[in-house]
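Enquirer: Have a look; sequence and predicted model below, questions after that.
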2 protein chains.
Amino acid sequence: MDLTNSQEEYLKTIYILKNTKNEIRVTEIANKLGKTKASVNNAINSLKQEKLINYEPYGQIELTKEGESLARKIVEANDIVKLFLIEILGSTDENAENEAKAIKTVLSDDTLNKLARYTHKELGLSSLDCGYDINNQRCIECARRNV
Amino acid sequence: MDLTNSQEEYLKTIYILKNTKNEIRVTEIANKLGKTKASVNNAINSLKQEKLINYEPYGQIELTKEGESLARKIVEANDIVKLFLIEILGSTDENAENEAKAIKTVLSDDTLNKLARYTHKELGLSSLDCGYDINNQRCIECARRNV
DNA sequence: TTGATTTGTTAGCTATATCTAACATTATAT
DNA sequence: ATATAATGTTAGATATAGCTAACAAATCAA
């Protein structure tokens, strides 16, 4: 049961907002993604059906354990691609942000790991391999640089 | 009037088949893409509406000038990404083929050019810049390597 | 040359993902 | 405490992209 790009986008946004605010609103998600509240409502109901979030009408949006771990993975995939686009190719932040979002959804775990390790190596963040693994934990260096 | 991913995929396939066979059949496209003939029929009608191909029921599929140039651009974008995945990241051919297809549709021209130049430089195909431009012509080195 | 096979088309269905408009609920301010 | 504003939901529409099943046209073989 793979998520659609759209579902990934919503899940990622929920995860990111959760890390800044204690309360997430449908309207906020809608504004952030440039969608209508109705669309967000559809989306969160589909995520609920996948058991990635808990939600009752007019209630709080909460990530389930599974939802949280999947969201983190999505965010990190995003970060890997962004790191490459900015630091290796020299893209602008804004451009990288937009493209990373789209790119990361189509990459396999294997390619993401390869890309992470390549980028880290090129940037001298480790001699050969930073040990990054998309299914495991975020690389310390990436976290420090916040990319 | 940007093409959808689906339309790009069909256009690319038509372009590639055109370069191997003189006659393209709906069934052939369907087999190649793993879609039904009905779906292909829909798709070619939408490409016709965009004036990217000429087609009359039961007739020959022909790329228009615009369709041909757009298709070439799509194929080349594919090649750039594939070159990077195979030669820089060390992906397998099969994996690269699948991922490149998906990735290239989401990259901007600017990023594609940056990626092409970076990859070429890394591979020593030119000292700094091979002059590749997605809107212009295929790089000679890429053509030679057939990637 | 006509019957069978292949190829192509059409109609109608499904699912996703969006929207608008109308309505319902909750929160806020006075 | 209640009117207003903000927020959330629902219903119904649209568009894309796929499917199956039935049909039509073209090709091929005997």
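Expert: Good, I have the coordinates. Numbering: from 1, shown residues only, chains lettered A, B, ... in the order given.
Enquirer: Near DNA strand D, which residues of chain A are found?
Expert: Neighbours of DNA strand D within chain A, by Cβ under 7 Å from any atom of the strand: A:25-28, A:37-38, A:41-42, A:44, A:55, A:57-59. The way it works is simple: take the backbone N, C-alpha and C, and place the C-beta from them, glycine included.
Enquirer: Just give me the closest of those residues to chain B.
Expert: Closest approach to chain B among those (Cβ to the nearest Cβ): residue A:42, at 20.7 Å.
Enquirer: To which secondary structure element is the closest one assigned?
Expert: Using DSSP states H and E, residue A:42 falls within helix A:37-49.
Enquirer: The very next helix or strand once past that helix pairs with which strands, and in what direction?
Expert: Next helix or strand after helix A:37-49 toward the C-terminus (DSSP H and E): strand A:53-54. Partners of strand A:53-54 in the sheet, by DSSP bridges, are strand A:62-63 (antiparallel).
Enquirer: Let's see if you can find the most crowded of the residues of chain A next to DNA strand D.
Expert: residue A:44 (21 neighbours; other Cβ atoms under 10 Å in any protein chain shown).
Enquirer: hmm, stretch A:107-126 touching chain B?
Expert: Yes - for stretch A:107-126, a contact with chain B is found by Cβ under 8 Å from any Cβ of the partner chain, at A:107-108, A:110-111, A:114-115, A:118.
Enquirer: Report the buried residues of stretch A:69-78.
Expert: By 16 or more other Cβ atoms under 10 Å in any protein chain shown, the buried positions in stretch A:69-78 come out as A:70-78.
Enquirer: Out of those residues, which sit inside strands?
Expert: Taking DSSP state E, every one of the buried residues of stretch A:69-78 sits outside strands.
Enquirer: what's the longest helix in chain A?
Expert: Ordering each helix of chain A by length in residues (DSSP state H) puts helix A:65-83 first.
Enquirer: circling back to that earlier point, which one of the buried residues of stretch A:69-78 sits closest to residue B:13?
Expert: Taking Cβ to Cβ as the measure, residue B:13 sits nearest to residue A:77 out of those, at 28.1 Å.
Enquirer: pLDDT value on that closest one, please?
Expert: We have a pLDDT of 85 for residue A:77.
Enquirer: Which residues are in contact with it?
Expert: Contact analysis of residue A:77 by Cβ atoms under 8 Å, 6 or more residues apart in numbering or on different chains lists A:104-105, A:107, A:112, A:134.
Enquirer: Okay, now the unreliable bits of chain A?
Expert: Low-confidence segments of chain A (pLDDT under 70): A:1, A:125-147.
Enquirer: Please, where are all the helices along it?
Expert: Per DSSP H, chain A carries helices over the ranges A:5-18, A:26-33, A:37-49, A:65-83, A:93-104, A:109-122, A:140-145.
Enquirer: Would you format the residues of chain A next to DNA strand D as JSON lines with distance to residue B:6 included?
Expert: Shown next, in JSON lines, are the residues of chain A next to DNA strand D (distance: Cβ to Cβ, whole Å):
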{"residue": "A:25", "distance to residue B:6": "34"}
{"residue": "A:26", "distance to residue B:6": "30"}
{"residue": "A:27", "distance to residue B:6": "32"}
{"residue": "A:28", "distance to residue B:6": "32"}
{"residue": "A:37", "distance to residue B:6": "28"}
{"residue": "A:38", "distance to residue B:6": "25"}
{"residue": "A:41", "distance to residue B:6": "27"}
{"residue": "A:42", "distance to residue B:6": "22"}
{"residue": "A:44", "distance to residue B:6": "27"}
{"residue": "A:55", "distance to residue B:6": "32"}
{"residue": "A:57", "distance to residue B:6": "35"}
{"residue": "A:58", "distance to residue B:6": "38"}
{"residue": "A:59", "distance to residue B:6": "37"}
